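In: build me a model from this:
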Amino acid sequence: MTPPPEKTSPTTDKWAVLAYLVADSPGINLDLIMDAEIAALAAGANSTSIPVSVQVDYRSKNRGVIRAVLERVLGDKISIVDRFTRIKTSSSKAFGDLEGRYPNLHIRSLSRGPETNAARAKVMNDFIAWGRSQSPGVTRYLLLLCGHSLGPVGLFFDQNPGPLQALSLPDLGNALKTSNLPPIDIVVFKDCFMSVLEVIYQLKEGARFVVASQAEVPLAIWDYKTLFQSLIAAADEKAAACALCTRLGEFYDDARHRTFFEDVPYTALDVEAVDEVSRCFKRVVDALATEKTRRSDTYLTVRRALEDARGGDRSLVDVERLCDNLDGLENIRPHARNLKSAINQRMVRLHHARTTRFHGVSVFCSPASYIGPWMNEKAYAKLPFNASTGWGGIAYDGPVSLSHY
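Out: The predicted model follows:
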């Protein structure tokens, strides 16, 4: 387990939350879940000084795409952006009774826009730019992403307008790059399987810290009052990311919030460490490739090491556990230990899990049950993480399963 962060004093920095909520995707209809999410975000804004700029893309065509700012202290009136039309609070199912429920809450810039595809980089980038413009004077930003996801495959899978598509990891990275503005301080994923190296690598220019899970994330509504209070109490963005991870870990320790899942691990990750981790990872990949050509029995040893490290989804391998499994290969051992050290000392700032299956961050490895069919070898080859490490040559080199040896 990662040691707890050092105790720190509250910061004087001002935080704002940007919440990008996507219900417009196949599978379970999340419209009502997003309504409850907005109400919980409103409770958080009402109990703190943190404003929340929110955009929600509903599946129901008559609800469309809605933006608003939720805040306790009414900010300056900022004009509605092009293509969005101001609407009355009473005309919105999600926002209609919030001010009555929370007397100190103000709803500003409530507007409805045309149907857009939330899985496109420009749509998310436009929202981030708009959200950051709504809170002048704010120095720290948390971006909350909420919707369906499949880790290295991408997020959201919006199908309206146009064909079904995911927000790919390269598109996610591009969406977070806002011209002439510093990176987002913390990206929090309320999405499944996003604590993976492929995602962290993609965010190295757009975010400082990531809080994400290696496993499936249930639909339970978070306690944003507690989460927002953790932001205010933290001394800096690192302490804030660790505090959020702790609160989410405690939230999912409650079996009622996990539903039928055994574990919902969460990790706070330092994005700045991803280049060092990638270099260490590449040395492991290179050593594995060399060892395979030198010894015929290495292939099966490596495949067994990968199989034993699978967790969350069967397409994902816990990196620390993989490093431990490779420790028996003499020529791989020093590189695996260096990789494990880089992850534990530089990247994983805090990890909370109920089981020993998860240690903080995973990596894709074909094949498997759920993610695997969505991620073919050609698509994986295009990911920047693969270009940096060559991991695809190992991830796709093997039979369908060796789990029944």
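In: C-alpha only now, for contacts and for neighbours.
Out: Noted.
In: you'd agree residue 278 is up against residue 387?
Out: No. In terms of C-alpha atoms under 8 Å, residue 278 does not count as a neighbour of residue 387; the distance is 10.3 Å.
In: now do the shared contacts for the two.
Out: The contact sets of residue 278 and residue 387 do not overlap (C-alpha atoms under 8 Å, 6 or more residues apart in numbering).
In: of those two, who's got more company?
Out: Between residue 278 and residue 387, counted using other C-alpha atoms under 10 Å, residue 278 has the larger neighbour count: 21 against 13.
In: what's the distance between that one and residue 52?
Out: 34 Å (C-alpha to C-alpha, to the nearest Å).
In: where does the prediction get shaky in the stretch 201-350 of the chain?
Out: Applying pLDDT under 70 to the stretch 201-350 of the chain flags the ranges 294-296.
In: residue boundaries of the helices in it?
Out: For the stretch 201-350 of the chain, the helices defined by DSSP state H, counting those that start in this stretch cover 224-233, 237-253, 255-258, 274-294, 298-308, 319-325, 333-342.
In: residue 353: which of these is closest?
Out: Closest of those to residue 353 is helix 237-253, at 6.9 Å (criterion: C-alpha to C-alpha).
In: for the closest one, buried residues please.
Out: The neighbour-count check on helix 237-253 (16 or more other C-alpha atoms under 10 Å) flags 237-249, 251-253 as buried.
In: okay, now the domains of the chain?
Out: According to automatic domain parsing, the chain comprises the domains 15-273, 274-347+354-395.
In: check the separation of the first and last residues in the last one.
Out: Yep, that's domain 274-347+354-395 we're talking about. 19 Å.
In: check the first one too.
Out: Start to finish, the residues bounding domain 15-273 are 24 Å apart (C-alpha to C-alpha).
In: got phi/psi on residue 89?
Out: phi -60, psi -40 (degrees, to the nearest 10).
In: shaky segments in the stretch 51-200 of the chain?
Out: 74-82, 159-164, 179.
In: please, where are all the strands along it?
Out: Defined through DSSP state E, counting those that start in this stretch, the strands belonging to the stretch 51-200 of the chain, from first to last, are 52-57, 65-71, 85-86, 106-113, 140-146, 155-158, 165-167, 184-190.
In: reformat the ones you listed as CSV; add mean neighbour count and distance to residue 361.
Out: Formatted as CSV, these follow (neighbours: other C-alpha atoms under 10 Å; distance: least, C-alpha to C-alpha, whole Å):
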stretch, mean neighbour count, distance to residue 361
strand 52-57, 26, 28
strand 65-71, 25, 33
strand 85-86, 16, 42
strand 106-113, 21, 37
strand 140-146, 21, 18
strand 155-158, 26, 18
strand 165-167, 21, 21
strand 184-190, 23, 14
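In: just send the ones you listed back as a markdown table, with distance to residue 382 too.
Out: A markdown table is the format used below for the strands of the stretch 51-200 of the chain (distance: least, C-alpha to C-alpha, whole Å):
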| stretch | distance to residue 382 |
| --- | --- |
| strand 52-57 | 28 |
| strand 65-71 | 31 |
| strand 85-86 | 39 |
| strand 106-113 | 33 |
| strand 140-146 | 23 |
| strand 155-158 | 17 |
| strand 165-167 | 14 |
| strand 184-190 | 23 |
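In: so for residue 324, which of the ones you listed sits nearest?
Out: Going by C-alpha to C-alpha, the one of the strands of the stretch 51-200 of the chain nearest residue 324 is strand 184-190, 27.5 Å.
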